[in-house]
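# I'll drop the sequence and a predicted model, then ask my questions.
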Amino acid sequence: MGLLTNRVERNKVKPGDHIYTYRAVFAYSHHGIYLGGSKVVHFRPKINLNSSTESSSGVYDSMSCPTTPDCGFRQPNSGVVLSCLDCFLKNGSLYCFEYGVSPSVFLAKVRGGTCTTAASDPSETVVHRAMYLLQNGFGNYDIFQNNCEDFAMYCKTGLLIIDKEGVGRSGQASSVIGAPLAAILSSPLKLLMPSPVGVATVTAGMYCMSRYATDIGVRTDVIKVAVEDLAVNLGWGSDHEEEVTEDDDSDSPITQITR
């Protein structure tokens, strides 16, 4: 993957990879975890998921993929969904999120939501977390604190933000917040710097540093949380069903996934 783009070919992605694609003419990106076998687990709002057909093991979206029987599988009242790669991409290009990048590379990636300085866990652990959350959910979707990128980054790292009032792990959300903040902080410099180039340079620097400060690889308000303990740490409490019965294993849409 190059400095300007993380675009990859389909035959290059591996189970446990954090993949994403752009929506609405690059306005935002949608993220998920690749399982292998052209299957992706991703997190989305629970909007328009009520019109569905229930089965003994879960729920399938009413507009399920005609070529992949288990595409669209989710548990009732959960936003974690299993999709085939084609439905996940929706004719968009495929990109692979980078982990363990150096600070210089992170700062060079002007757009957020493409990389992190945090290291990834082994692929087996990543796939286990994604499959567990497919069966147990990931709480309520929140565009700033608990979105699709947050889901994928948790699957990859197991890191959870302690401060529930601040921005989540998502680099995309950090960019949305960081850009206006940088513009506000640099506005007084217009009185000191007559050159527009100088003001733009300082604003860009503030924007990059605000993104870097919220990256999970450098934050101090993160803890490692086992996926089995995630419900307690997120405060789901008794409203969240943590146990999966033995019948769920036999009815699960995927019992074994190969690349």
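On my side now, so go ahead.

# what's around D163, how many residues?
11 (other Cβ atoms under 10 Å). Just so you know, the C-beta spots here come from the backbone N, C-alpha and C atoms, and that holds for glycine as well.

# hang on, it packs against V222?
No: the pair D163 and V222 fails to qualify as a contact (Cβ atoms under 8 Å) at a distance of 9.3 Å.

# on the three-state scheme, Y34 is what?
strand (DSSP: H, G, I helix; E, B strand; the rest coil).

# does it touch P15 like I think?
Yes: using Cβ under 8 Å, Y34 and P15 qualify as a contacting pair, with a distance of 6.3 Å.

# when the two are compared, which one has more neighbours?
Y34 (29 against 18).

# OK, contacts around the closest residue to that one other than its chain neighbours?
Spatial nearest neighbour of Y34, excluding adjacent residues (Cβ to Cβ, 6 or more residues apart in numbering): D17 at 4.6 Å. D17 makes contact with I33, Y34, C96, F97, S123, according to Cβ atoms under 8 Å, 6 or more residues apart in numbering.

# distance check, the first one against I161.
It refers to I33. Separation of I33 from I161 (Cβ to Cβ, to the nearest Å): 19 Å.

# which one's more surrounded, those two?
Using other Cβ under 10 Å as the criterion, I33 and I161 rank with I33 on top: 29 against 21.

# can you name the residues bridging to that one?
Per DSSP bridges, the residues bridged to I33 are H18, V41.

# just the helices from this protein, written as ranges.
85-89, 103-108, 123-136, 148-157, 171-186, 196-213, 230-233, 246-251 (DSSP state H).

# not counting the second one itself, show me its contacts.
Applying Cβ under 8 Å, 6+ apart, the external contacts of helix 103-108 come out as L3, E98, C115, T116, T117, C208, M209, R211, Y212, D215, G217, V218.

# and the second one, what does it touch?
By Cβ under 8 Å, 6+ apart, the contact set of E98 is M1, N6, V105, T114, C115, T116.

# and these as TSV, adding distance to L85 and pLDDT?
Formatted as TSV, these follow (distance: Cβ to Cβ, whole Å; pLDDT from 0 to 100):
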residue	distance to L85	pLDDT
M1	18	57
N6	16	92
V105	27	91
T114	19	93
C115	21	93
T116	23	94
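
# ok, and the most crowded of these?
Highest count within these by other Cβ under 10 Å belongs to T116, 27 neighbours.

# thought it was touching D215?
Yes: between T116 and D215 there is a contact at 5.6 Å, judged by Cβ under 8 Å.

# output stretch 216-226 as CSV, nothing but the C-alphas.
The C-alpha coordinates for stretch 216-226 follow below in CSV (Å, rounded to 0.1, in the frame of the first residue of the first chain):
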residue,chain,number,x,y,z
ILE,A,216,-5.5,4.9,20.0
GLY,A,217,-1.8,4.2,19.6
VAL,A,218,-0.8,7.2,21.6
ARG,A,219,-3.8,7.8,23.8
THR,A,220,-3.5,7.0,27.5
ASP,A,221,-7.2,6.6,28.2
VAL,A,222,-7.4,3.1,26.6
ILE,A,223,-7.5,-0.3,28.1
LYS,A,224,-7.3,-3.8,26.7
VAL,A,225,-10.6,-5.6,27.2
ALA,A,226,-11.4,-9.2,26.3
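
# which parts of it are buried?
Across stretch 216-226, burial judged by 16 or more other Cβ atoms under 10 Å covers I216, G217, R219, V222, V225.

# ok, these vs P76, which is closest?
P76 lies nearest to V225 out of the buried residues of stretch 216-226, by Cβ to Cβ, at 24.3 Å.
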